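Colleague: Give the three-dimensional model of this entry:
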Amino acid sequence: MDDLFPPDEAVLTCAHLDRFLGHEENRVQVLDDVSLELHPRQVYSVMGPSGCGKSTLLYLLGLLDRPDGGTISIAGHEVSGLDDAGLSLFRNQEIGFVFQFHFLLREFTALENVQIPMRRANLISRAEMDERAEHLLELVGLGDKIHRPANHLSGGEQQRVAIARALANNPRLILADEPTGNLDTHNSHRVFEALQQIARDTGLALLVVTHNTQVAHDSDHIFFMEDGRLSA
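Modeller: Predicted coordinates:
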């Protein structure tokens, strides 16, 4: 896989993000003036106590929610003002997601699970989908299990299929929410190592929300969030 973005340009920039929840007297500020830049081949971790705003930030950066203030730019395009259809299109083309729960279709094979975003985008032929899905599964070390149903894979293997699926449409950015949260130490290491290597090899940017101190330690940059504010 070739580099996706010039190394000196930010994949994502957000500036002065605010997010409020609730109404009137019950209104709570969940994010307070958050700004950051994510660059190619770099791995970023966000740590902080439960309820501090980490997942809210991930949802905003992933275009799954809208900020109450501030801007988000991805690949040089200011996206926070797009309508729902525009956000959906941009999200499917530019962003891959890895969650704590892999959300694989249990009866589908590893190959079929990885192909789901490609089928949704409908930009390449079936043969090209097969070839790309096989390549991505080889990339995460599952080239010998491409036809195995998801429910016959171990927890660590299922999460690596989820990583391959996140890469299906060649995104510039991967957002991972506690990707090792349900795994033992050995599998946590393998999954995060796979994510790191993919970021290095492809030139994409990786942002991980985590409580795992080892994951944070092995990242290039660590952010701490507390009471909705972000610090390096």
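
Colleague: Now do the same for Pro7: its pLDDT.
Modeller: We have a pLDDT of 57 for Pro7.

Colleague: same check, this time on Arg19
Modeller: Note for Arg19: predicted pLDDT of 96.

Colleague: go on, Leu4?
Modeller: The model's pLDDT for Leu4 equals 49.

Colleague: begin at 21 from here
Modeller: Fine by me, first position is 21 from now on; the one you just mentioned is Leu24.

Colleague: just for the chain, where's the confidence low?
Modeller: 21-28 (pLDDT under 70).

Colleague: which residue ends up closest to the midpoint of it in space?
Modeller: Geometric centre of the chain, nearest residue: Leu195, 1.8 Å, by C-alpha atoms, centre = their mean.

Colleague: I'd like the distance between the residue nearest to that one when sequence neighbours are not counted and Thr200.
Modeller: Distance criterion C-beta to C-beta, 6 or more residues apart in numbering; nearest residue to Leu195, sequence neighbours excluded, is Gly82 at 4.9 Å. Placement of C-beta: from N, CA and C, glycine included. Distance of Gly82 to Thr200, given as C-beta to C-beta, to the nearest Å: 19 Å.

Colleague: Neighbour count: these two, which is higher?
Modeller: Ranked by neighbour count (other C-beta atoms under 10 Å), Gly82 and Thr200 place Thr200 first, with 25 against 19.

Colleague: Does the more buried one belong to a helix, a strand or coil?
Modeller: coil (DSSP: H, G, I helix; E, B strand; the rest coil).

Colleague: from memory it sits against Asp238, does it?
Modeller: No. Counting by C-beta atoms under 8 Å, Thr200 sits too far from Asp238 to count as a contact (11.0 Å).

Colleague: Give me the common contacts of those two.
Modeller: Phe212 (C-beta atoms under 8 Å, 6 or more residues apart in numbering).

Colleague: The residue lying closest to Val160 once chain neighbours are set aside: neighbour count?
Modeller: Spatial nearest neighbour of Val160, chain neighbours left out: Arg180 (4.1 Å); criterion: C-beta to C-beta, 6+ apart. Applying other C-beta under 10 Å, we find 27 other residues in the vicinity of Arg180.
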